[in-house]
Each structure stands twice: as C-alpha cells, then as structure tokens.
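Colleague: Got a predicted structure here, sequence first:
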Amino acid sequence: MFRIPLLVALALSVAFGVGIVSSVSALKATVGFGAIALGPWVAFPDAQTENTDPYAKAHRARAGKLLYGGAEGLQFTAAMDSSGEKLSSSCVYDIIGMTPAARFWTLYATNANDQPMKIAPELPAATNAWTVLRQPDSSFVIHVSPVAQPDNWLAIRRSGAFKLVLTLLDTPTAGSSGVIDLAMPKIIKTGCPNA
C-alpha cells in the first residue's frame, strides 16, 4: 500500500539531489565561456556585458561579486606560472614585464577559493601602479613569496595553492576586441626553498 508512494518519493529525492549536486558542481567547474588566455593570465571581457552567458551570470551571482563596466576595467587571474605549473605558496615567483596600457592597475593574491589572502597588516598584501618600483625601461619585477624579498615584494601565506589577480582600471582595451594582442607580464618560478 505504501510501496508506490515510497518509490515515487525516493525517485523525486534522487532526482532533486542529483540536479542540485550537478548544478553546484557546474558552477564550481567553470566561470563561464568567452575566456581569453594570455599566457598564464585569464580574463572574461564579456562577463559584465549584456552578451554574457548564463553560467557566468550564475557564477557571479553565487559569488556575490560586483563587476566592472565594459570601459571601466578588466580583471585577469593567474592560477599557473608561465611554464604551466600550478602556483604554490611554498615556491618563490617573479612577475616580470609590463602591464598593458591602463590609468591604474592593482595586483594581489587570493587563496584557491578566490578569497584575498589574510596576512599580517605590516606585510605588503597588494601592489599597484603607483607603488611599484620600475626599471629604466618602465618594466618591473615583483617578487611573490612568503619570505621577505628586496625591492617589490608581494607577501603570500604558506597555505597551498594560490592565484594572482591583476586588475587593469580605465584601460582602452577593456571595451575593445584588442584584448588578444596584449602583452602581459610573465610569472617565472625562481625556486622552492621548502619543497
């Protein structure tokens, strides 16, 4: 007598459970289509436009992130170095080169869950276009390490994998199709003292 309602309830609970798990895993697996990769740096130039795909909209809504307008800025993320290896906080990296033309840019590190790294207040958790020391040709070298480094140093925590986030603000390339031709700084691993 209760066999058929029990089987229906079981089938519905399995269907809803599988649907919810697959939706959450799809949102975690991708941040949308239309990514542009420039070396290790990845950006989604259409993420804040009306042409963005539904997966990107859902991902941004779930994360609660505010996006820059098409002409306001462009955010690049790097989870690997220039040789294709995953960034590890037990290693030391140098970010070498120049950023594309922008009125201002910022660089900071996040953990694997895209949350900014929490480090001691006296340590440099971010750097930007105004504070970076430059070479005579306007290029720069930024050392990314959990141990203090001379010159430009971006401090990270020893907490496994991390990502670098480079945000270009008021850049002419954010609203154009010329993003593919940009020259981005390289991320070079210089050593892993504790690995």
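Modeller: Received the coordinates, thanks.
Colleague: Beyond the lowest-mean-pLDDT helix or strand in the chain, next helix or strand please.
Modeller: In the chain, the helix or strand scored least confidently by mean pLDDT, DSSP states H and E is helix 54-63, which has a mean of 68. Following helix 54-63 in sequence order, the next helix or strand is strand 73-78 (DSSP states H and E).
Colleague: What is that following strand packed up against?
Modeller: Judged by 3 or more CB pairs under 8 Å, 6 or more residues apart in numbering; DSSP states H and E, the packing partners of strand 73-78 are strand 41-43, strand 162-169. (Each C-beta comes from the backbone N, C-alpha and C, glycine too.)
Colleague: Helix, strand, or coil at the closest residue to K186 other than its chain neighbours?
Modeller: Residue nearest to K186 in three dimensions, not counting chain neighbours: S82, with 4.6 Å by CB to CB, 6 or more residues apart in numbering. When classified by DSSP: H, G, I helix; E, B strand; the rest coil, S82 comes out as coil.
Colleague: need the contact list for S82.
Modeller: Counting by CB atoms under 8 Å, 6 or more residues apart in numbering, S82 touches 39-40, 186-188.
Colleague: what's the closest of those to A120?
Modeller: Sorting these by how near they are to A120, with CB to CB, puts I187 at the top with 23.9 Å.
Colleague: So what pairs up with that closest one in the strands?
Modeller: Beta bridges link I187 to I95, judged by DSSP bridges.
Colleague: and what of W105?
Modeller: With DSSP bridges applied, W105 shows beta-bridge pairing to L168.
Colleague: measure the residue nearest the centre of the chain to L7 for me?
Modeller: Per CA atoms, centre = their mean, the C-alpha nearest to the average position across the chain is that of T77, at 2.9 Å. In this structure, T77 and L7 are 47 Å apart, going by CB to CB, to the nearest Å.
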